[in-house]
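Trainee: Structure for this input, please:
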Amino acid sequence: MQTKHSSLFTTNYITFDDAKRYNLQTIDSVASIVKYFKEQGRKVFVIGVSYGAFLTQMFFWEAFSDGKQGSYDSNGENPTLQSTLQGTARERNMARLAAGVGYNRFTQRFANVDLSNVTYVYGTADEQLGKLTTKEVDFLKSKNANVIVSPLDHQPTFVQYVDDGCEKAFGIKIKTFDRGFTDEYRNLVYISNANGNTNENADTVILKVQGGPEGVPVTELETTALEKLMEGQKSLNNMLRLNLKQVQIQDPSKFNTSDITFDQAKQYSLDNVALLDKVVKYFKNQGRFVYLISEGYGASMILELISQKGTSVANGYIVFATRLDMNDVFWQGLSEGKSGTFTNIVTNGDTKSFTPVVTPVVGDQSEAILRRNINRLAAGLWYFRFSQKIKAILENASTNRILNSFFAYGLTDMYVGSLTDDEDKVMSDQFLYSLSAEEGSQSDLTNMYLTLTLKDAFKIKPKE
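Mentor: Next up, the predicted model:
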């Protein structure tokens with residue numbers, strides 16, 4: 001219903017009774033579609049995820065029926081609910097819509113129903129719905145349901161276990177995609193071989209997007225940091241690890257022979273984002289799960305990709321050491337080719353990198369030209385106001401956050417500065433997980449927070 005008639009949910013507040021009625025209409029639509037194909041003598045299999053499944057979850061539905069929202073901790077326990085109404089009409093209405101199904105006690109409604117044709121997959125670390133109780137699991141098993149337990153959070157459970165679920169429920173394997181790795185795409189990426197073993201047919205792709213503009217090689221790939229963290233991880237043998245070759249890496253002559261304009265820099269940055277989209281789409285079309293990782297400029301490439309293509313363009317995101325809304329003095333200075341850093345200030349006992357300092361880069365030698373142009377390239381993304389761009393994307397999405405996303409920043413990051421209080425709030429609202437380092441530069445975040453986010457995102461612990 002909310003897909004066919006989206007204006008009903010974005011322009012006005014619906015009541016809980018409205019939500020229940022709309023859910024019944026959606027269920028009637030699903031039933032009529034199933035009936036239509038079954039009457040043709042076809043086999044019909046139904047897959048439901050989260051709100052679309054709702055069998056036995058003990059959902060904290062009463063608060064949701066009022067339009068509030070909430071979550072569980074990382075163990076799928078101890079729900080935390082909003083104390084007051086927050087969010088847009090769409091967000092509150094989606095909460096009521098979920099409650100319009102979640103208020104049911106399906107353990108009672110299915111008391112006399114055989115569930116032997118049901119495969120039920122749930123996550124023990126589900127922060128959106130909470131993990132099933134022992135009573136719920138026992139109920140499913142007593143009704144002959146096939147129960148699959150995932151150790152992951154909400155969306156990763158679906159991503160990682162849909163194949164197992166379909167095989168056990170329907171006796172079919174998910175379509176095997178052609179996973180040829182053409183020369184065109186080999187030339188766009190560097191294949192990591194950190195463990196001496198690379199599986200080019202892996203289901204999961206980890207794509208590292210180079211950062212900058214400071215602290216990393218400008219026109220050469222930096223590949224060692226991620227490889228060092230992942231060294232010795234046997235589980236990574238089943239993941240294809242790649243580094244994206246951006247425009248300035250593919251053709252350095254565009255940046256080290258003469259000064260480019262800011263308009264040219266903006267176009268090159270958009271070209272980089274288009275290149276990232278092309279590579280992500282290539283691997284997703286092969287039926288793979290694609291996760292993006294970056295810091296600094298590369299992290300802003302990921303933010304712009306989400307802004308353009310939506311929150312589901314990739315399967316997950318780790319972005320750190322960048323800004324949602326870069327300081328105006330800083331990005332404007334970089335747009336003129338100047339270099340910049342941030343200095344620390346102390347406010348009420350808290351030390352943060354807030355004050356930008358930009359200085360001209362002089363000289364006609366290729367190194368000076370290159371530095372000015374790479375600064376302009378970074379400004380070609382940092383002039384965007386990502387907090388507003390992503391907010392606009394989320395207003396039309398099915399969730400009010402970017403699922404399976406991790407955002408980390410340092411309070412004393414000299415290269416991009418600390419997030420402002422407004423940025424910090426937006427980050428906390430828009431990203432599924434957010435972290436800040438009390439003493440954090442880009443190198444601190446690389447060594448410490450990337451380790452944590454990789455563990456949370458992929459359930460691996462990189463080498464310390």
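
Trainee: What helix or strand is Phe407 located in?
Mentor: Using DSSP states H and E, Phe407 sits in strand 402-410.

Trainee: what's the closest non-adjacent residue to Asn146?
Mentor: Thr119 (4.4 Å; C-beta to C-beta, 6 or more residues apart in numbering). In short, each C-beta sits where N, CA and C put it, glycine included.

Trainee: so the one you found sits right up against Asn144, yeah?
Mentor: No - in this structure, Thr119 is not within contact of Asn144 by C-beta atoms under 8 Å, at 11.1 Å.

Trainee: Between these two, which has more neighbouring residues?
Mentor: Thr119 (18 against 11; other C-beta atoms under 10 Å).

Trainee: Look up how far Asn112 lies from that one.
Mentor: 20 Å (C-beta to C-beta, to the nearest Å).

Trainee: Which strands or helices does the strand holding Phe407 pack on?
Mentor: helix 154-170, strand 316-320, helix 421-430, strand 431-437, helix 450-458 (3 or more C-beta pairs under 8 Å, 6 or more residues apart in numbering; DSSP states H and E).

Trainee: Quick one: mean pLDDT over the helix or strand following the longest one.
Mentor: Per DSSP H and E, the first helix or strand lying C-terminal to helix 154-170 is helix 183-186. Predicted confidence along helix 183-186 averages 90 (mean pLDDT).

Trainee: Ok, stretch 145-155 next?
Mentor: For stretch 145-155, mean pLDDT rounds to 74.

Trainee: you'd agree Lys208 is in a strand?
Mentor: Yes - assessed with DSSP: H, G, I helix; E, B strand; the rest coil, Lys208 lies in a strand.

Trainee: In contact with it, which residues?
Mentor: 192, 223, 226, 241-244, 293-294, 298 (C-beta atoms under 8 Å, 6 or more residues apart in numbering).

Trainee: For beta bridges, what are the partners of Phe289?
Mentor: Thr204 (DSSP bridges).

Trainee: Check the one 5 residues further on too.
Mentor: Here Ser294 sits in beta bridges with Val209, Val319, as judged by DSSP bridges.

Trainee: Val209 is in contact with that one, correct?
Mentor: Yes - under the criterion of C-beta under 8 Å, Ser294 makes contact with Val209 at 3.7 Å.

Trainee: can you give me the strands for the chain?
Mentor: Secondary structure of the chain by DSSP state E: the strands cover 70-71, 80-81, 119-123, 146-150, 189-191, 204-209, 239-244, 289-295, 316-320, 339-347, 350-359, 402-410, 431-437.

Trainee: Now do the longest one, average pLDDT.
Mentor: In this model, strand 350-359 carries a mean pLDDT of 78.

Trainee: what do you get for the second one?
Mentor: Strand 80-81 comes out with an average pLDDT of 60.

Trainee: same check, this time on the last one
Mentor: Confidence over strand 431-437 (mean pLDDT, whole number) is 67.

Trainee: The first one now?
Mentor: Taken as a whole, strand 70-71 has a mean pLDDT of 60.

Trainee: May I have the predicted confidence score for the nearest residue to Asn144 once chain neighbours are set aside?
Mentor: Closest residue in space to Asn144, ignoring its immediate chain neighbours: Ser116 at 3.9 Å, by C-beta to C-beta, 6+ apart. pLDDT recorded at Ser116 is 83.

Trainee: From Ser269, how far out is Ser116?
Mentor: 55 Å.

Trainee: Compare neighbour counts for these two and give me the winner.
Mentor: Ser269 (26 against 9).

Trainee: Report the angle between the strand holding Phe407 and helix 421-430.
Mentor: 150 degrees (axes from the mean of the first three to the mean of the last three C-alpha atoms, to 10 degrees).

Trainee: quick one: average confidence on strand 402-410?
Mentor: For strand 402-410, the per-residue pLDDT averages 78.

Trainee: What pairs with it, parallel or antiparallel?
Mentor: Counting by DSSP bridges, strand 402-410 is paired with strand 316-320 (parallel), strand 431-437 (parallel).

Trainee: Could you report the neighbour count for Val44?
Mentor: Val44: 11 neighbours (other C-beta under 10 Å).

Trainee: One more: Gly417?
Mentor: 26.

Trainee: now swap in Arg42 and tell me
Mentor: Arg42 has 9 nearby residues by other C-beta under 10 Å.

Trainee: What of Gly41?
Mentor: 6.

Trainee: cool, Lys309 as well?
Mentor: Counted with other C-beta under 10 Å, Lys309 comes out at 16.

Trainee: Check Gln365 too.
Mentor: Every residue meeting other C-beta under 10 Å relative to Gln365 is counted, giving 9.

Trainee: Show the buried residues in the contacts of Lys208.
Mentor: Buried subset of the contacts of Lys208 (neighbour count, 16 or more other C-beta atoms under 10 Å): 192, 223, 226, 241-244, 293-294, 298.

Trainee: min pLDDT across those residues, which one?
Mentor: Leu226 (64).

Trainee: What ranges does the stretch 201-350 of the chain have for its helices?
Mentor: Using DSSP state H, counting those that start in this stretch, the helices of the stretch 201-350 of the chain run over 224-230, 247-250, 253-256, 262-284, 296-309, 328-335.

Trainee: Residues in contact with the longest one: which ones?
Mentor: Counting by C-beta under 8 Å, 6+ apart, the neighbours of helix 262-284 from elsewhere in the structure are 185, 188-189, 205, 207, 209, 240, 242, 244, 246-248, 254, 260, 290, 292, 301-302, 304-305, 308-309, 313-315, 335-336, 373, 376-377, 379-381, 383.

Trainee: Quick one: buried ones out of the residues you listed?
Mentor: Buried, going by 16+ other C-beta under 10 Å: 188-189, 205, 207, 209, 240, 242, 244, 246-248, 254, 260, 290, 292, 301-302, 304-305, 309, 313-315, 335, 373, 376-377, 379-381, 383, out of the contacts of helix 262-284.

Trainee: which ones are touching Arg179?
Mentor: 200-201, 286-288.

Trainee: Switch those residues over to JSON lines; also include pLDDT and distance to Asn327.
Mentor: Listed next are those as JSON lines, based on pLDDT from 0 to 100; distance: C-beta to C-beta, whole Å:
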{"residue": "Glu200", "pLDDT": "82", "distance to Asn327": "42"}
{"residue": "Asn201", "pLDDT": "81", "distance to Asn327": "44"}
{"residue": "Gln286", "pLDDT": "83", "distance to Asn327": "40"}
{"residue": "Gly287", "pLDDT": "78", "distance to Asn327": "42"}
{"residue": "Arg288", "pLDDT": "83", "distance to Asn327": "37"}
